[in-house]
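In: give me a 3D structure for the following:
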Amino acid sequence: MTDIKSGGRRHDLDALRVLCFGTLIIYHTSLAYGTRTWLLNSIDGSRLVDLIAAASHPWRMSLLFFISGLVTRSLLRSRSVSDIRGTRTRQLLLPFTFGVLLVVPPQIYLSEFNPFPGLSYWEFWKAFMVSGLTLEHLWFLAYLWIYVFAWSFLWPYLQRVWPNLPSAFANSLRGVNLFLIPIILLSASRLWLYPVFGETRAIHTDIYAHLVYFSMFMAGSLLMEESTFWREVDRQRWLGGALAIISFLVVAAAVVAVPREDWPDAVVVLVRIARSIFQWCAIIALLGFAGRIANRPNRVIAFLNRSMMTYYVAHQTVIIIVAHQISKMGPLDIRSFVPVVLLSTLGCGLIGEAQKLIKAFLSPLIARVIALIKPPLKTAPSGAAAD
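Out: Numbering: from 1, shown residues only. Here you go, the predicted structure:
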């Protein structure tokens, strides 16, 4: 079990972060070969492929926001709230802006939803910039920045008004309540808010997603230093894993047996509750087992972790480009699923390494320019008395 009292780096969180981002290529590729409408779609969408999304999407993004809350809270050991806000703004908004302007447009240009077919890419890009940008997969960076910004004002207030809130929250999640309270809240949100608001991926209208993901972020920030919570997660990891498997089998049976649009109301309710159980229990199981298995430095995880932001920003566009090129050689069908995954993974790896080389080359140059621009420090004349 990971010892949170040491105050060192949480290697288990690094491993989970790599797992969450690492499954994105498989997840987004599955959208092209499943039955949902996506940017590109194969000619033989399969409900069996839909199981990939059903098995990963409910917990992955929630766990990422939970981990982001944990990491943000851990930064208070060495930084102020305002420092964290500034650092996170630089870390998140720069790749977000770069991605929205340069990485997302190729996805739309090559997709089945190109609003300006027939234009060259340069003409398309200019029209796309004017007509309205879309976030696509980069919504995560925008949402995370908003949550960090909100946290930076909310956290000092909570510390003044309710300093014992983290320990009280951790104590409330003991025994059966570790599962019962979050599952009830997630089920209620999915049953009553999701049908009204859906998941829009538009910042100003995504009420349901904000409620779930900001709650996960705040839960992580509250529980980071609470050993009571982490001991309980470790103790309940097997039960969490068992409940996650059982609830996923319920969801999988519904997904495979009947097309989603034909589900009766009772099945919709059952699946939404099962997804909520699966969502939270998978998170508990992953946190618990990662604390046991991945609680020490790992060179592979460390290597991959350094490229995760580049990997995340680039991966969906790489998938679309690879799938589009394959579709030009013949109809896009299930036989190309594995090649798309492998080629996209290779492409992201190459982009990640290229980014490291460029950074290593430019960093000394930037440092020299800053040194030339920065005025020299004034030194006291020889023999002058010190203050």
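
In: now do the SS call for the nearest residue to F214 once chain neighbours are set aside.
Out: Spatial nearest neighbour of F214, chain neighbours left out: Y147 (5.2 Å); criterion: Cβ to Cβ, 6 or more residues apart in numbering. Where C-beta positions appear, they are placed from N, C-alpha and C, glycine not excepted. Following DSSP: H, G, I helix; E, B strand; the rest coil, Y147 is assigned to helix.

In: neighbours of Y147, how many?
Out: 24 (other Cβ atoms under 10 Å).

In: identify the residues contacting it.
Out: 65, 68-69, 213-214, 217-218 (Cβ atoms under 8 Å, 6 or more residues apart in numbering).

In: look at R36 and give its secondary structure.
Out: coil.

In: do I have it right that it meets D50?
Out: Yes. The pair R36 and D50 passes the contact test of Cβ atoms under 8 Å, sitting 7.2 Å apart.

In: neighbour count for these two, which is higher?
Out: Using other Cβ under 10 Å as the criterion, R36 and D50 rank with D50 on top: 21 against 14.

In: mind checking what secondary structure the more buried one has?
Out: When classified by three-state DSSP, D50 comes out as helix.

In: what about the closest residue to it other than its chain neighbours, how many neighbours?
Out: Of all residues beyond its chain neighbours, the one nearest D50 is G34 (4.3 Å), with distances taken as Cβ to Cβ, 6+ apart. Other residues within reach of G34, judged by other Cβ under 10 Å, total 22.

In: right, and G34 touches H57 too?
Out: No. Under the criterion of Cβ under 8 Å, G34 is not in contact with H57, lying 11.3 Å apart.

In: which ones are touching the residue nearest to D50?
Out: The contact partners of G34, taken as Cβ under 8 Å, 6+ apart, are 45-47, 49-50, 52-53.

In: which stretches of the protein have low pLDDT?
Out: Regions of the chain meeting the criterion pLDDT under 70 cover residues 1-7, 366-367, 370, 374-387.

In: what about Y27, helix or strand, and which?
Out: For Y27, the enclosing helix or strand under DSSP states H and E is helix 24-33.

In: which residues sit against that helix?
Out: Residues outside helix 24-33 that contact it (Cβ under 8 Å, 6+ apart) are 38-42, 44-46, 49-50, 52-53, 56-57, 60, 137, 312, 315-316, 319, 323, 332, 334, 337, 340-341, 344-345, 348.

In: just the buried subset of the residues you listed, written out for ChimeraX, thanks.
Out: Filtering the contacts of helix 24-33 down to the buried ones (16 or more other Cβ atoms under 10 Å) takes a single ChimeraX command:
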select :38,39,40,41,42,45,46,49,50,52,53,56,57,60,137,312,315,316,319,323,332,337,340,341,344,345,348
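
In: show me the contacts of helix 24-33 that map onto helices.
Out: 49-50, 52-53, 56-57, 60, 312, 315-316, 319, 323, 337, 340-341, 344-345, 348 (DSSP state H).

In: and what about P115, helix, strand or coil?
Out: Strictly by three-state DSSP, P115 counts as coil.

In: okay, now it: neighbour count?
Out: Neighbours around P115, by other Cβ under 10 Å: 13.

In: distance of it from R272?
Out: Applying Cβ to Cβ, to the nearest Å, the value for P115 to R272 is 33 Å.

In: could you do F124 as well?
Out: Computed with Cβ to Cβ, the distance linking F124 and R272 is 39 Å.

In: and what of N41?
Out: From N41 to R272 the distance is 25 Å (Cβ to Cβ).

In: same deal with G86?
Out: Per Cβ to Cβ, G86 is found 39 Å from R272.

In: compare those two (neighbour count), which wins?
Out: Using other Cβ under 10 Å as the criterion, G86 and R272 rank with R272 on top: 18 against 13.

In: pretty sure that one is touching S189, no?
Out: No. Between R272 and S189 there is no contact under Cβ under 8 Å: 9.5 Å.

In: would you map the helices across the stretch 51-200 of the chain?
Out: Taking DSSP state H, counting those that start in this stretch, the helices of the stretch 51-200 of the chain run over residues 81-98, 104-110, 121-131, 139-161, 165-172, 177-188, 194-197.

In: same question, the stretch 201-350 of the chain
Out: Going by DSSP H, counting those that start in this stretch, the stretch 201-350 of the chain shows helices at 207-223, 227-235, 237-257, 265-293, 299-305, 308-327, 337-373.

In: among those helices, which is nearest L119?
Out: Smallest distance to L119 across the helices of the stretch 201-350 of the chain (Cβ to Cβ): 16.2 Å, for helix 308-327.

In: run the chain-centre distance for that closest one.
Out: Computed by Cα atoms, centre = their mean, to the nearest Å, the separation of helix 308-327 from the middle of its chain amounts to 16 Å.

In: now do the buried residues in it.
Out: Within helix 308-327, the residues that qualify as buried are 308-324, 326-327, counting by 16+ other Cβ under 10 Å.

In: and if you look at stretch 267-284?
Out: Going by neighbour count (16+ other Cβ under 10 Å), the buried part of stretch 267-284 is 267, 270-284.

In: kindly report the same for stretch 182-194.
Out: 182-183, 186-187, 189-190, 194.
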